[in-house]
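Asker: Sequence first, then the predicted structure, then my questions.
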Amino acid sequence: MLDLLRRYINKKSILLLGFGIEGKSTYRLLSRLGGYKSLAIADISHIEYEFDTPVDIITGEDYQKRLNDYDIVFKSPGVVPQEDISRLKCEITSQTEVFMKAYRNNIIGITGTKGKSTTASLLAHILKNAGRPCVLMGNIGVPAFDILPLIDSNTIIVNELSSHQLEYISVSPHIGVLLNIYEEHLDHYGTFEKYVKAKKNIYLHQTNDDILICNSDVVPGAGECRAVVYIASDFLSRAGNDSDIKAEGEYICFGSHRLKIPARSIKLSGRHNYYNIAIAYAISKLLHVSDSDVLNGLKSYQPLPHRMEFIGEWDEVKYYDDSISTVCQTTIQAIDSLPNVDTVLIGGMDRGIDYGPLIEFLSESSVANIILMYDTGSRIYSDIEKSYPELLERTKLVDTLEEAVSLAKKLTVKGGTCLLSPAAASYGLFKNFEERGDAFKKYLMKN
C-alpha cells in the first residue's frame, strides 16, 4: 500500500481537513513518505502539535474556504463540507477510502446505527482466538494508517465503519455487514434519507464475488447490490423465520449451522447481543471457523464498556451503564434485556429524532421511575404531557445527570435495577458517551 500511496500523493498539493485522531495519523504517515508538493492542515479549532515537517496551518470559521487550492483533500470523519463536494475541483478522499482500495479483499466492514462496535470486537476476538491473523480497526478508535505494519496478504481486517467514514467512499469491502438503521445523526445529515444513503456505501460498490449481510429491514433495493446477500433478523425485525441468520431463544442459526449460546458462561447479555453474536457466528462459518473455536471466543470475550455494563450493587439496587445508547431502539432493548428495571435515566443533546416509539413503550412498561434530563428530556416530558398524561406520575424532570443519579438513588426500590440509557447524544454536555458513562459511575460513588 505504501507504494500506491506514494504514487498517489507524488508532486501533489495535499490538505488534511480536520486534525483529530485520524488527521494526526494521516500527517504522521504522509510526512514520513514525503514526495508531495506541499502539505497543509485545516481545522476549525486552534492546532497545537509538534510538526516534524513544514506545513501550512489554516484555522477558524473559514478553514474550508481554500479547498480548491489543493489537488487532494483527506477529509476526517465527522467534518461536514460547507460546500457540495461535487462542485469542488479538488479530489476529496479519506484514510478509509485509500486503505480500502488497497486491502478491500481482506476487509470485513461492519456498520449499523447500533451494535457495530460489539459485533466487530467480538468477531475479531473469535478469529484471533481461533488462530487467524486478524486486526481490528476503524471507528472503534484505531485509524487505518496506524495498523499498516500489522498487515500482510493473509491478514483478516475487521473494520468498524461509521456513516461518516462511509459517506464519500467509492469502494466497498469484500464482506459488508449492515446491522440496522435507525434515526441518528440528523444534526449532521439533515434528513434520515441522507443518513441512509451514507450507510449504503457498505455495499453499493461491491461485486459479484463479494458478500453482504444485512438486516431484513434494510435489504438493498433492486439493482443496488451485486453481492451475494444473506439476510439477518433481530427481535425487532419483520422477517422472522425467512432469514438466513437469526437468534432463536438460546440458539443462533446460519443456514444449516445451529449453535446453542452458553448463556451462563458468557458476559454478553440481552436479545440484541444475541443478534450481534449471530452475525459474528455467520461470518465465522463463512471463514470456516469451527463451532468449538466460536464458543471458546464467546466465553473469553470481555464486553466493551458503557454498553449495558454492570457497574455494581448498592443497597440491594443493581446499576447499569448503557451510555452508548443514543436512539430509542437501544433504550427499549436495554430495558427489555435487564431484569426488574425500576428506574431509567433518559436524555441528552436533542438531535431531532422521533421519541414517539420510546414514549409508547414506556407507557406500556412496568418501569416505575422515568427520570428525564437535559434538552431531550425536556422535549420528551412535553410530549408526555400532551399525549400520555397518565405517564406523568411515573416521570420526573431534572436538569443534569448528577441530579438524575441522586434522585434515582432515592426512588429505586430494593431488588430493582437502575439503568442509564439516555437515547440521546452526549455532545455539548460531555466530550463523548464514554465521558458520560464515567460521570454516571462517579456520581454513583458519591454518598
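Answerer: Great, that's in hand.

Asker: contacting residues around the helix or strand encompassing residue 31?
Answerer: Assigned by DSSP states H and E, residue 31 belongs to helix 21-33. Contacting residues not belonging to helix 21-33 are listed as 2, 5-6, 9, 14, 16-17, 19, 36, 39, 41, 43, 49, 51-53, 55, 74, 76-77, 94-95, 141, 143-146, 148 [CB atoms under 8 Å, 6 or more residues apart in numbering]. Just so you know, the C-beta spots here come from the backbone N, C-alpha and C atoms, and that holds for glycine as well.

Asker: try 7 Å this time
Answerer: The contact list for helix 21-33 (CB atoms under 7 Å, 6 or more residues apart in numbering) reads 2, 5-6, 9, 14, 16, 36, 39, 41, 52-53, 74, 76-77, 95, 143, 145-146.

Asker: do stretch 129-139 as well
Answerer: Residues outside stretch 129-139 that contact it (CB under 7 Å, 6+ apart) are 120-121, 124, 127-128, 142, 144, 147, 150-151, 154-162, 165, 289, 293, 296-297, 300.

Asker: can you give me the offset of stretch 384-400 from its chain's centre?
Answerer: 30 Å (CA atoms, centre = their mean, to the nearest Å).

Asker: pLDDT averaged over that stretch, what's the number?
Answerer: Taken as a whole, stretch 384-400 carries a mean pLDDT of 97.

Asker: Give me the buried stretch members for that stretch, please.
Answerer: Residues of stretch 384-400 classed as buried: 384, 391, 394, 395, 396, 397, 398 (neighbour count, 16 or more other CB atoms under 10 Å).

Asker: what about that stretch, how long is it end to end?
Answerer: In stretch 384-400, first residue to last residue: 19 Å (CA to CA, to the nearest Å).

Asker: circling back to that earlier point, so among the contacts of stretch 129-139, which ones count as buried?
Answerer: The buried subset of those - by 16+ other CB under 10 Å - is 120-121, 124, 127-128, 142, 144, 147, 151, 156-162, 165, 289, 293, 297.

Asker: about what we covered before: now, the contacts of stretch 129-139 that are in helices?
Answerer: Counting by DSSP state H, the contacts of stretch 129-139 place 120, 121, 124, 127, 128, 165, 293, 296, 297, 300 in helices.

Asker: Check those residues and tell me the two furthest apart.
Answerer: Using CB to CB, those span at most 31.1 Å, a distance reached by 165 and 296.

Asker: Whichever of the contacts of helix 21-33 end up buried, select them in PyMOL.
Answerer: Buried members of these, defined by 16+ other CB under 10 Å, are picked up in PyMOL with:
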select buried, resi 5+9+14+16+36+39+41+74+76+77+95+143+145+146
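
Asker: among the contacts of helix 21-33, which are in helices?
Answerer: Filtering the contacts of helix 21-33 for helices - DSSP H - leaves 2, 5, 6, 9, 95.

Asker: In JSON lines, list these along with distance to residue 276 and pLDDT.
Answerer: Formatted as JSON lines, those follow (distance: CB to CB, whole Å; pLDDT from 0 to 100):
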{"residue": "2", "distance to residue 276": "34", "pLDDT": "92"}
{"residue": "5", "distance to residue 276": "34", "pLDDT": "95"}
{"residue": "6", "distance to residue 276": "39", "pLDDT": "95"}
{"residue": "9", "distance to residue 276": "38", "pLDDT": "97"}
{"residue": "95", "distance to residue 276": "26", "pLDDT": "95"}
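
Asker: Throw those residues into TSV and include distance to residue 249, thanks.
Answerer: Formatted as TSV, these follow (distance: CB to CB, whole Å):
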residue	distance to residue 249
2	49
5	49
6	54
9	53
95	41
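
Asker: And the furthest pair within those residues?
Answerer: Most distant of the ones in helices among the contacts of helix 21-33, by CB to CB, are 6 and 95, 15.6 Å apart.

Asker: So residue 319: helix, strand or coil?
Answerer: Three-state assignment for residue 319 (DSSP: H, G, I helix; E, B strand; the rest coil): strand.

Asker: Number of residues surrounding it?
Answerer: Using other CB atoms under 10 Å, residue 319 has 22 other residues around it.

Asker: Assign a three-state SS to the closest residue to it other than its chain neighbours, would you?
Answerer: What sits nearest to residue 319 in space, not counting adjacent residues and going by CB to CB, 6 or more residues apart in numbering, is residue 311, at 4.4 Å. Look at residue 311: counting by three-state DSSP, its state is strand.

Asker: what residues are up against residue 311?
Answerer: Going by CB under 7 Å, 6+ apart, the list of residues near residue 311 reads 319, 320, 321, 441, 444.

Asker: Could you rerun that using 10 Å?
Answerer: Contacts for residue 311 (CB atoms under 10 Å, 6 or more residues apart in numbering) come out as 305, 318, 319, 320, 321, 418, 420, 437, 440, 441, 444, 445.

Asker: what's the answer for residue 209, then?
Answerer: Neighbouring residues of residue 209 by CB under 10 Å, 6+ apart: 105, 174, 226, 227, 228.

Asker: Surely the third one is in a strand?
Answerer: No - under the criterion used here (three-state DSSP), residue 226 is coil, not part of a strand.
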